[in-house]
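Requesting a structural model of the entry that follows:
(2 chains)
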2 protein chains.
Amino acid sequence: MVAKQIRDEITAEVLKMKEAIGVVPGLAVILVGDRKDSVTYVRNKKKACESVGINSFEVRLPEDSTEQEVIKFISKFNNDPSVHGILVQLPLPSHMDEQNVLNAVDIEKDVDGFHPLNIGRLAMRGRDPLFVPCTPKGCIELLHRYAVEIKGKRAVVIGRSNIVGMPAALLLQREDATVSIVHSRTKNPEEIIKHADIIISAVGQPNMVRGSWLKPGAVVIDVGINPVEDANSPRGYKLVGDVCYEEACKVASAVTPVPGGVGPMTIAMLLSNTLSSAKRTHNFQ
Amino acid sequence: MVAKQIRDEITAEVLKMKEAIGVVPGLAVILVGDRKDSVTYVRNKKKACESVGINSFEVRLPEDSTEQEVIKFISKFNNDPSVHGILVQLPLPSHMDEQNVLNAVDIEKDVDGFHPLNIGRLAMRGRDPLFVPCTPKGCIELLHRYAVEIKGKRAVVIGRSNIVGMPAALLLQREDATVSIVHSRTKNPEEIIKHADIIISAVGQPNMVRGSWLKPGAVVIDVGINPVEDANSPRGYKLVGDVCYEEACKVASAVTPVPGGVGPMTIAMLLSNTLSSAKRTHNFQ
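As a prediction, the model looks like this:
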């Protein structure tokens, strides 16, 4: 499994840096409220840090905290030299301005890559962002590790979110794909998707993309994680992607499964961004 | 003509602001070296300012100036309250780092909209740039003024430059078009262009886009300005667009001419950005 392989590489590099210069990369995670999914994500991130030898710091604040309280902790981590990455778990409670909070994160520690300065550099030729958002970075890394050629290929990104779709489109374009972005206002999305050699779907619609929409041999990266009712499951639901997996498998040359495909890559990229940040800070190659 | 109409609107607004609060918008232009085309552009911008009542300030520096000298003038204009917009005419001499120079412009005076923070905000849903780059903004304004519907339409941008193609694609997407970006690595660009309701071409290849590449009824915005030999012209050359105009006219529902189509819109948008900046600074609606 690719994500495992990347984590092994990170483990080795973390150890190498510790032995060479005595620095251990550190990731701080701030969680506001107790949304069940967010609690799970944060726990998984913490465990992942431990598994590769990255220090993790966690702050949990009550749902009714103020923006100022969250920003106070961000400032503390901005000034803490043992912290190389700061992650504010989204979504924040609705009474907070997400933009204000995220803008407080030092761009040198923006391991999520969501700062508009990072996104601007990602969009511009000849510029390089300090960090690339983890999920789209994980998608591209998957393509690289499986030796899928991107240059000159037709790519379609389904969904245009700030977190996945938009940066995924920018990344594919940086790799010289010819990119189209399909979204909720697109008429007949299947007409565009049908021409794609590479598809990244991040739209949040269970099984929206049917096998008949795909070009034979296409490579499909399914970022969607959608709960659907399932009487056979003890939880009463199961997770499916945006792409109808069974149908897609018969047409595409490769399809990432949900769960288990992109998810572990996202966490691996978060660890990778944290390691890069520590390396950059300490000028360690 | 739309550009003329916009300039008349700006003239009226500049006058209104002057009478209400005694403030006149000011644009500073910095030109390094004496490239003939740059000198012409700067002169045209200056004349345009005068024609609408915007103050213009010009600095001309010799070709062999240092980056520090250019940045010194940028800092001066950053701190000058009578200057609301600063424009560094590109390209700069090759011994200068364009990124360093442009980053010195105060983002509140970045009327060219090229600062990565502005581009990042342009790319992100729910964020708004302080300024939008003039040429792509002019393209979209043309579509608006001619009541061309953008939402839900297929749009193709040809070229992915930081100055035109990339921001044009982001703007079209903000208006809910389904956007594809075609560039030098795209195989069979005509296959994609053939599906487009709206085409913005900014690639710098004379007459590259043929009539047969277009969907009947498409709207074509031609940003290219390419000199080609012309024995009949006293100058020995003439200017043509990226799109074969004569052929395109027979298929498209509208095609902007070169010269005269987008060019005047770019200057109108520069004036508009300078006016907006002065309004924002003085909190004048």
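
right, is the worst-scoring helix or strand of chain A on mean pLDDT up against chain B?
Per-element confidence for chain A was summarised using mean pLDDT, DSSP states H and E. The lowest value among helices and strands belongs to helix A:98-103, with a mean of 92. Yes - with C-beta under 8 Å from any C-beta of the partner chain as the criterion, chain B is reached by helix A:98-103 at A:Gln99. C-betas here are computed from N, CA, C, even on glycine.

and A:Val220, what are its phi and psi?
Per-residue torsions, A:Val220: phi -120, psi 120 (degrees, to the nearest 10).

Report the contact partners of the residue lying closest to it once chain neighbours are set aside.
Across the structure, with C-beta to C-beta, 6 or more residues apart in numbering or on different chains as the measure, the residue nearest A:Val220 apart from its sequence neighbours is A:Val255 (4.4 Å). With contacts taken as C-beta atoms under 8 Å, 6 or more residues apart in numbering or on different chains, A:Val255 has the following neighbours: A:Val220, A:Asp222, A:Val243, A:Tyr245, A:Ala248, A:Cys249.

buried subset of these?
Burial by neighbour count, judged by 16 or more other C-beta atoms under 10 Å in any protein chain shown, picks out A:Val220, A:Asp222, A:Val243, A:Tyr245, A:Ala248 from the contacts of A:Val255.

Tell me which of those residues fall in strands.
Per DSSP state E, strands hold the following members of the buried ones among the contacts of A:Val255: A:Val220, A:Asp222.

now, the most widely separated pair of the buried ones among the contacts of A:Val255?
Pairwise distances across the buried ones among the contacts of A:Val255 (C-beta to C-beta) peak at 9.1 Å, for the pair A:Val220 and A:Tyr245.

ok, the residue nearest to A:Val220 to chain B distance?
Taking C-beta to the nearest C-beta, to the nearest Å as the criterion, A:Val255 is separated from chain B by 23 Å.

hey, where'd the strands end up in the stretch 1-150 of chain A?
Counting by DSSP state E, counting those that start in this stretch, the stretch 1-150 of chain A has strands at residues A:26-32, A:55-61, A:85-88.

Pipe the ones you listed into JSON lines and attach mean pLDDT, distance to chain B and mean neighbour count per row.
Formatted as JSON lines, the strands of the stretch 1-150 of chain A follow (pLDDT from 0 to 100; distance: least, C-beta to the nearest C-beta, whole Å; neighbours: other C-beta atoms under 10 Å in any protein chain shown):
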{"stretch": "strand A:26-32", "mean pLDDT": "98", "distance to chain B": "19", "mean neighbour count": "24"}
{"stretch": "strand A:55-61", "mean pLDDT": "97", "distance to chain B": "23", "mean neighbour count": "17"}
{"stretch": "strand A:85-88", "mean pLDDT": "97", "distance to chain B": "16", "mean neighbour count": "26"}
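
neighbours around A:Val14, how many?
As a burial measure, the neighbour count of A:Val14 was computed by other C-beta atoms under 10 Å in any protein chain shown and equals 22.

Double-check it against A:Ile54; I have them as touching.
Yes - using C-beta atoms under 8 Å, A:Val14 is in contact with A:Ile54, at 6.1 Å.

Would you double-check that A:Thr266 falls in a helix?
Yes - for A:Thr266, which was evaluated using DSSP: H, G, I helix; E, B strand; the rest coil, the result is membership in a helix.

List the residues that contact it.
A:Cys134, A:Thr135, A:Gly138 are the contacts of A:Thr266 under C-beta under 8 Å, 6+ apart.

ok, the last one to A:Thr266 distance?
To A:Thr266, A:Gly138 is 5 Å away according to C-beta to C-beta, to the nearest Å.

before we move on, what about the first one?
Note on A:Cys134: its distance to A:Thr266, by C-beta to C-beta, is 5 Å.

neighbours of A:Asn232, just the number please.
Here the count is done by other C-beta under 10 Å, and A:Asn232 has 6 residues near it.

no, scratch that, I was asking about A:Arg7
A total of 19 residues lie near A:Arg7 under the criterion other C-beta under 10 Å.
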